[in-house]
Each structure stands twice: as structure tokens, then as C-alpha cells.
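# Just to be clear, the model below is a prediction. Sequence and coordinates:
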Amino acid sequence: MEVNAFAAKKAGEDLEKFNYNLPVIGKEHVDIKVHYCGLCHSDLSMVNNDWGNSKFPLVPGHEIVGEVVALGDEVKGLKKGDKVGLGWFSESCMHCDQCMDGKQHLCSDSEGTIVGRHGGFADHVRGHWSWVTKLPDGIDMSKAGPLFCGGITVFNPIVLSGVQPTDKVGVIGIGGLGHMALKFLKAWGCEVTAFTSNKDKTEALKKMGAHNVVDSTDSKELESIAGSLDFILNTTNVKLDWVAFLTTLAPQGKLHTVGAVLEPMEIPAFSMISGEKSVGGSPLGSIALTRKMLDFCVRHDIYPAVEEFKMEDVNKAIKHLHDGKARFRVVLKA
Ligand SMILES: [Zn+2]
Ligand SMILES: [Zn+2]
């Protein structure tokens with residue numbers, strides 16, 4: 001099948017129209033007609049080859065929702081016409097300990113949707129049936145794409161860290177990931193504190209689910225909530241005063257990062273020891289948890305705030321995100 005896509009021909013370049021041929025479909029593979037695809041910071045990182053693993057031409061796009069149009073003989077649980085989503089991963093080995101334990105996102109032999117293969121800025125994309133996730137009835141497809149990367153990335157730590165409805169929690173950085181975390185944690189039942197460096201956003205953050213808004217750059221404000229939070233989720237990728245945030249944790253509290261801070265996080269041992277506190281991180285989430293998250297979103301009417309661009313305006317959309325103007329997640333309509 002010929003696919004009409006948008007690709008970067010070289011690192012850092014604008015995307016251009018690009019056609020390629022998908023080989024005859026494999027027994028376990030599914031072809032999806034793309035309806036919408038979210039634009040994620042990782043797409044920009046891959047286009048710029050920031051992580052050194054990009055292959056060009058590169059078709060970005062890993063927050064895909066669409067419809068099954070073709071499938072191999074051994075595909076399980078899907079049929080033509082099903083509405084589905086596909087995220088960062090398109091395949092995993094399905095036999096290692098992690099895969100057999102339902103943690104396919106931790107498989108060391110997994111395949112990234114835009115790593116060495118072509119992603120969802122296209123009219124069609126292919127994935128293994130296990131990662132092609134059926135959408136629940138009643139979901140809003142125009143806003144569901146970002147749930148498959150940003151959404152599951154912030155949903156997984158809530159489950160992984162055993163966050164309780166009675167917990168007081170904090171979210172650092174209210175952008176594409178952080179605003180989804182606020183909505184999830186509010187619906188989870190928690191008392192939610194948004195940490196932001198821009199207090200002008202206070203009203204908007206409260207509308208999204210924050211009970212409290214704290215200026216993350218003001219040490220007095222941080223001190224005023226010392227020892228109060230059970231869980232803090234960091235969604236930023238910048239160096240912060242980690243000790244100050246650890247001080248806001250209650251005993252046995254957890255600081256969890258999904259923001260890929262490139263500089264080492266300096267954590268003095270005593271800031272963890274005295275209150276049995278811990279620091280951790282995680283990538284994305286499992287297939288089963290992704291399904292549960294989608295049900296949770298439909299039940300509580302939780303969606304990212306999206307700005308829609310046409311797929312052919314992809315370069316405009318990339319510039320919008322790159323300039324820090326996205327409020328809060330950009331979605332391309334095929
Ligand atoms: Zn992503
Ligand atoms: Zn595996």
C-alpha cells in the first residue's frame with residue numbers, strides 16, 4: 001500500500017510530503033487509517049536527532065487515533081472498522097519476562113513507532129495488534145490522540161506509586177503532560193497542588209483541577225507547605241531545586257519524574273533518609289493500563305486541552321509547539 005506522509009529528509013529540517021510503500025501486511029499486523037495524530041515534544045527530539053537514534057527520512061507522529069482498514073490472519077481482538085489508537089510503541093517481543101508480566105513498555109526488544117520506521121503524520125500507519133488499542137465507545141477521537149503518549153506517561157505513575165484518593169499530591173510544570181496529570185489526580189480524588197513559575201495561570205489551573213497553586217520559584221511558598229504532600233509528579237525537563245521539593249513531601253512521600261531532565265538530579269541522601277522518602281521515574285505505561293486509562297477518561301470526561309491543525313499545516317504546528325505557544329497539546333487532523 002502506498003502511504004502519503006510528511007517526513008523530515010534530514011535532521012532539523014521542515015517536514016515535506018513523502019510517499020512510501022508498506023510491504024504486504026504481516027500475519028500479526030494491523031493497518032490504521034489515521035484520523036488524528038498528536039504532536040509531542042518527542043517528535044521534535046526525533047526530527048532534530050537529539051537522541052542520536054533517528055533515521056531519515058523520518059515520519060514523526062506517535063499519538064495516533066484512527067480506524068482499522070487491514071489486518072493479518074493472526075491478529076487478535078480487532079476487526080476492520082474498529083476505532084483504535086497507537087502510541088510510542090508499535091511492537092514488543094511478547095516473550096521476555098517484562099512482556100510475559102504485562103509490562104511490555106519495559107521490553108528491551110520493543111519497537112518505537114517512529115524509531116527506524118514511519119509514524120502517524122500520514123494517511124496510514126502500521127502496528128502490531130498487541131499495541132493497537134481499541135478505543136472505548138463514546139470517546140472523543142479528536143482529543144484522544146495525546147492520551148497514547150502524554151496521557152499514559154502521567155497516568156502510569158499514579159498507579160505505580162499507589163496514590164490514594166485521600167492523598168495530597170503536587171504536579172510540577174503545567175504544560176502538555178502536567179495539565180493532563182492535574183485532571184487525572186483531581187478525578188482520582190486527591191487534593192492537588194499545581195507548581196508553576198507563572199502565577200498568572202492560577203485561574204486556568206484551578207479550572208483544570210488544581211485546589212492550590214504554588215509558585216515553584218518562591219522558596220517561602222514552598223516552605224509554607226513543608227511536609228504536606230504524599231506524591232509529587234515532575235513533568236518538566238529543567239533543573240529545579242529538588243531538595244526544596246523533597247522538603248514539601250510528607251514522610252514516606254515520593255517524588256516521581258516523567259520529565260527527562262538532562263542534567264543529573266542532585267539529591268542529598270539525608271533529604272530522603274530522614275522521612276523515608278523516595279525518588280523515581282517511569283516511561284509511558286503498559287497496554288492493559290492504557291486500556292484502563294481510556295475507560296477512566298470516558299467515565300470522568302477527561303481529555304487534554306487541544307489545539308487542532310490540519311495535517312498539511314504540520315510545519316506551522318511544529319513551530320507553534322517549538323515557540324512554547326501550545327495550550328496545551330497540538331493535534332493534527334488527517
Ligand atoms: Zn510522545
Ligand atoms: Zn519483550
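Good, I have the coordinates. Ligands and ions are numbered 1, 2, ... in the order given.
# May I have the predicted confidence score for residue 198?
Residue 198 is assigned a predicted lDDT (pLDDT) of 83.
# what's the answer for residue 137, then?
96.
# Quick check: chain neighbours aside, which residue is closest to it?
Closest residue to residue 137 apart from its sequence neighbours, by C-beta to C-beta, 6 or more residues apart in numbering: residue 298 at 7.7 Å. Every C-beta, even on glycine, is put in place using the N, C-alpha and C of the backbone.
# Surely that neighbour and residue 143 touch.
No - using C-beta atoms under 8 Å, residue 298 is not in contact with residue 143; the gap is 11.4 Å.
# Settle it for me: which of these two has more neighbours?
Taking other C-beta atoms under 10 Å, residue 298 and residue 143 do not tie; residue 143 has more neighbours (20 against 17).
# In contact with that one, which residues?
303, 304, 306, 331 (C-beta atoms under 8 Å, 6 or more residues apart in numbering).
# same check, this time on residue 42
Counting by C-beta under 8 Å, 6+ apart, residue 42 has contacts 62, 88, 149.
# residue with max distance from the center of the chain?
residue 274 (32.9 Å; C-alpha atoms, centre = their mean).
# ok, and what's touching stretch 50-61?
Counting by C-beta under 8 Å, 6+ apart, 5-11, 15, 18, 20, 34, 37-39, 43, 45-48, 113-116, 118-122, 125, 332 sit against stretch 50-61.
# anything in it near ligand 1?
No - using C-beta under 5 Å from the ion, we find that stretch 50-61 stays clear of ligand 1, coming within 9.6 Å at best.
# ends of that stretch, how far apart?
16 Å (C-alpha to C-alpha, to the nearest Å).
# can you give me the offset of it from its chain's centre?
18 Å (C-alpha atoms, centre = their mean, to the nearest Å).
# Report the buried residues of it.
The neighbour-count check on stretch 50-61 (16 or more other C-beta atoms under 10 Å) flags 50, 54, 57, 58, 59, 60, 61 as buried.
# got it, and stretch 119-139?
119-133, 135, 139.
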